Structure formats: structure tokens, C-alpha cells
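Chemist: Below are the sequence and a predicted model for it; my questions follow.
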Amino acid sequence: MSEARAIGSVMPTNRMLKFTAFLFGAVAYFTFVFTILYAIGFVSDLVVPKAIDTGANSPVFEAIAVNLALLSMFAIQHGVMARKGLKRWWTQFIPKPFERSSYVLFASLTLLLMFWQWRPIPAVVWQIEEPEMAATIAILSFIGWVVVFTSAFPINHFELFGLHQVTNHLTDRQMPPPTFRAPLLYNFVRHPIYLGFIIAFWAAPTMSVGHLLFAAVTTAYIFIGILLEERGLVGVRE
């Protein structure tokens, strides 16, 4: 009888832990959704209270130093936590289904910190005066964001951002093994998500020095990320 009671008490505890993991994954996912939507406003200077060219002015060299530090902080967090060695170490302390969600949550919080602390450098590099051309460039930037979103879903958007893992953990299902797939835009562009980001960042009717710094550094990081990602894909087969 005592053994049966012990087993019965363990099962609700395990279920509660799995439900807690699911809630953690859901919080991480919706934090990401908020962050990526804020990023659109931040880069395009639309709706959000703090955009790439708004905020208190700082001396130029101070602004450059702070912004580079913020970008470097995101690059380090985003890059280091994606490495297999760090994942193996990290999952010694947390359940494996938490790993992707924790990565997404830390990346989102780091980006939100960057948006909050970003120093504007409003000096204009270029500005398109003709209204129709300016509108066309703004639409092109929006198309870049559309490419980002539409390219994430065919490769399992919810797995990419951790929700699939915690949902399977909650329902006692095994994650399928990783496979290399090239659906839709991937048949034409090797990395459509990255391409979408580059378009969104560079297609600016008005390009300030601060925006240029952001676009240049993130583009450089994207190309480094592509090299590291393709190394990680070696050996993965359909």
C-alpha cells in the first residue's frame, strides 16, 4: 500500500513539472513574439515608444561604444548558446525540452535590453525625398519581414522557437530526429530568413548613422552565423 501511494504521489509531481515546463516554453515563445513585433517597429520607427532613431541624444563616440556593446552582447549570447558544447553543458542542469525555450527567452530579453538602451545617432546618411520611391523602399522593408515570418513556418516555426519541444514533453511524445529539408523559398534561397532580415534592415527611406551601424553589424553577424550554421548541418540528411 505504501509503495502504491508513493507511485501515486510521484505521478502528479511529474505532471506538474511537465506543465511548468510547458508554461515556461509558452512564456518564452510569446516573449519572442512580442520582441520580433517590437523589432519591426524599432527598425522602421513605427508605433513603438523607443525606435532606432529616437531617444535621448548622447555624444557620438559614446553612442557608438554603447551600441556596439549592446550588439556584441546579443551576438555573444545568441552565438554561444547555439553551440553544441554549450547545449550539452546547459542540459546537465535543465531538462532537455527546456533548452530551446531558454535560448529563445534569453535571446528575446537581450534584444529587448538592446532596444531599451540603444543610443540614437540621427545624422542622415541618405534620405529619399521622392514620396513614391520612399514608400516603395518602406514596402520593401516590410516584405523583408514577411519573408522572415513565412520562411520560419515551413521548417516548423514552433520547434524553432521551443514550443514544440515543451508541448511534446507535456504529452509524453518523442521529438522526431532532425532532418534537412528545403521547402518553398528554400528551393530558391539558401537562407531566406537571413535574407529577409537583411532586406528589412537595409531597405530604409531614411538611413541614419545609427541605423547604418545596426544594419552593418547585424549583417556581418548574419554571415558569420551562416558559416557556423552550415558547419552544424554537415551530416544531417533527409
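Modeler: Sure, I can see it. Residues are numbered from 1 along each chain as shown.
Chemist: Tell me which other helices or strands the helix or strand residue 30 falls within touches.
Modeler: Using DSSP states H and E, residue 30 sits in helix 2-44. Secondary-structure packing of helix 2-44 (3 or more C-beta pairs under 8 Å, 6 or more residues apart in numbering; DSSP states H and E): helix 96-117, helix 131-152, helix 163-170, helix 192-202. C-betas here are computed from N, CA, C, even on glycine.
Chemist: Compare these and say which comes out lowest on pLDDT.
Modeler: Sorting the helices and strands packed on helix 2-44 by mean pLDDT places helix 163-170 lowest, at a mean of 72.
Chemist: Now mean neighbour count and distance to residue 216 too, for the helices and strands packed on helix 2-44, in CSV please.
Modeler: Listed next are these as CSV, based on neighbours: other C-beta atoms under 10 Å; distance: least, C-beta to C-beta, whole Å:
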stretch, mean neighbour count, distance to residue 216
helix 96-117, 19, 15
helix 131-152, 15, 16
helix 163-170, 20, 32
helix 192-202, 20, 9
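Chemist: Figure out which of the ones you listed is closest to residue 44.
Modeler: helix 131-152 (6.1 Å; C-beta to C-beta).
Chemist: and that closest one, what does it pack onto?
Modeler: Partner elements for helix 131-152 (3+ C-beta pairs under 8 Å, 6+ apart): helix 2-44, helix 192-202.
Chemist: Let's see that helix as CSV, backbone CA atoms only.
Modeler: Only the C-alpha atoms of helix 131-152 are listed here, as CSV (Å, rounded to 0.1, in the frame of the first residue of the first chain):
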residue,chain,number,x,y,z
PRO,A,131,7.4,60.2,-51.9
GLU,A,132,6.6,57.3,-54.2
MET,A,133,10.2,55.9,-54.1
ALA,A,134,10.3,56.3,-50.3
ALA,A,135,7.1,54.4,-50.0
THR,A,136,8.4,51.7,-52.3
ILE,A,137,11.5,51.3,-50.1
ALA,A,138,9.4,51.2,-46.9
ILE,A,139,7.2,48.4,-48.5
LEU,A,140,10.4,46.5,-49.5
SER,A,141,11.4,46.6,-45.8
PHE,A,142,8.0,45.2,-44.9
ILE,A,143,8.4,42.5,-47.5
GLY,A,144,11.7,41.5,-45.8
TRP,A,145,9.8,40.9,-42.5
VAL,A,146,7.2,38.9,-44.4
VAL,A,147,10.0,36.7,-45.8
VAL,A,148,11.3,36.2,-42.3
PHE,A,149,7.9,35.0,-41.0
THR,A,150,6.9,32.9,-43.9
SER,A,151,10.3,31.2,-44.0
ALA,A,152,10.1,30.1,-40.4
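Chemist: Nothing else from me, thank you.
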